[in-house]
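Visitor: just coords:
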């Protein structure tokens, strides 16, 4: 298993980190990290809010430094669709807001809305704040974080299938069939703008057949059908057909209705 992406990196502007973004990007490339992300604490309109975030007037400097690192490393970086996250193999979420959410479903929804991943990937939750320690341990053993991830130390939320499609809200964009080890099946007719969940218990595997419509991309390529093996979790198999990038209605009433529907879909 390759090292997962690391989207929790800070810069000296937040007053508790060392290394400029270009230096961290160079180190990530040396140790084999395919993707990294910077997540400094957002500045507040009034400086002095606390002592672990950049000043408001430093936001432009922060963006400039991160953009330079993005441009320079790696030199052979592939281009991606504007506004869409490149495909990921695995997502591990942590931090107070996510790990201390009101429910595992709400934690998953926060991660999906923030990252907006594409493709098919498992999502884990770090409720014990292990990631910072694993980051420190990786400097001595590159394989230790991978071993901990595979040990079951994190909560498996499930496997997410993100559907990218050019469709109208309510159009059917995917037919999904989950075949369990005992031969039984669960099916879903997935419509654009919605979230669907197929039950699959933590630690179990099943075969997921995907048949996209209207050249939708369910992680196998535009319009391409196929079958993949997926693992279960607290939420099972989650099919996110809300589109990428996520677009919210301008009408506040409609927007609230959609957000409530999505929250209910994950058990909110």
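Guide: Nice, I can see it. Computed from a predicted model, the values in this text were never measured in an experiment.
Visitor: only C-alpha atoms for contact and neighbour calcs from this point on.
Guide: Fine.
Visitor: Just give me the neighbour total for the nearest residue to residue 167 once chain neighbours are set aside.
Guide: Using C-alpha to C-alpha, 6 or more residues apart in numbering and skipping residues adjacent in sequence, the residue nearest residue 167 is residue 192, 6.7 Å away. Residue 192: 22 surrounding residues under other C-alpha atoms under 10 Å.
Visitor: tell me the pLDDT at residue 192?
Guide: On the pLDDT scale, residue 192 is placed at 96.
Visitor: ok now do it, which residues does it touch?
Guide: 165, 167-173, 241-243 (C-alpha atoms under 8 Å, 6 or more residues apart in numbering).
Visitor: quick one: the host helix or strand of residue 134 to chain centroid distance?
Guide: Following DSSP states H and E, one finds residue 134 within helix 131-137. Mean C-alpha position of helix 131-137 versus that of the full chain (C-alpha atoms, centre = their mean, to the nearest Å) differs by 19 Å.
Visitor: now stretch 6-14
Guide: How far stretch 6-14 lies from its chain's middle: 18 Å, per C-alpha atoms, centre = their mean.
Visitor: ok, now stretch 20-37?
Guide: Per C-alpha atoms, centre = their mean, the centroid offset for stretch 20-37 relative to its chain is 19 Å.
Visitor: do stretch 168-184 as well
Guide: Worked out by C-alpha atoms, centre = their mean, stretch 168-184 lies 21 Å from the chain centre.
Visitor: got the contact list for that stretch?
Guide: 165, 167, 185-194, 198, 205-214, 216, 218, 241.
Visitor: In PyMOL, select just the buried ones from those residues.
Guide: Only the buried entries of the contacts of stretch 168-184 go into this PyMOL selection, using 16 or more other C-alpha atoms under 10 Å:
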select buried, resi 165+167+190+191+192+193+194+198+205+206+207+208+209+210+211+212+213+216+218+241
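Visitor: In strands only, show me the contacts of stretch 168-184.
Guide: 185-191, 198, 205-212 (DSSP state E).
Visitor: Which members of those residues are the farthest-apart pair?
Guide: 191 and 205 (24.7 Å; C-alpha to C-alpha).
Visitor: tell me how far the ends of stretch 222-238 are from each other?
Guide: Using C-alpha to C-alpha, to the nearest Å, the span of stretch 222-238 from its first residue to its last is 19 Å.
Visitor: Tell me which residues of it come out buried.
Guide: Buried residues in stretch 222-238, defined by neighbour count with 16+ other C-alpha under 10 Å: 222-223, 225, 230-238.
Visitor: Among these, name the ones in strands.
Guide: Those of the buried residues of stretch 222-238 lying in strands (DSSP E): 230-231, 237-238.
Visitor: Closest to residue 41 out of the residues you listed?
Guide: Using C-alpha to C-alpha, those come closest to residue 41 at residue 238, 29.4 Å.
Visitor: in the stretch 1-150 of the chain, which spans are helices?
Guide: Applying DSSP state H, counting those that start in this stretch to the stretch 1-150 of the chain gives helices spanning 21-31, 59-72, 96-99, 104-115, 131-137, 144-150.
Visitor: Compare those and give me the one nearest residue 252.
Guide: Across the helices of the stretch 1-150 of the chain, residue 252 has its closest neighbour in helix 104-115 (17.7 Å, C-alpha to C-alpha).
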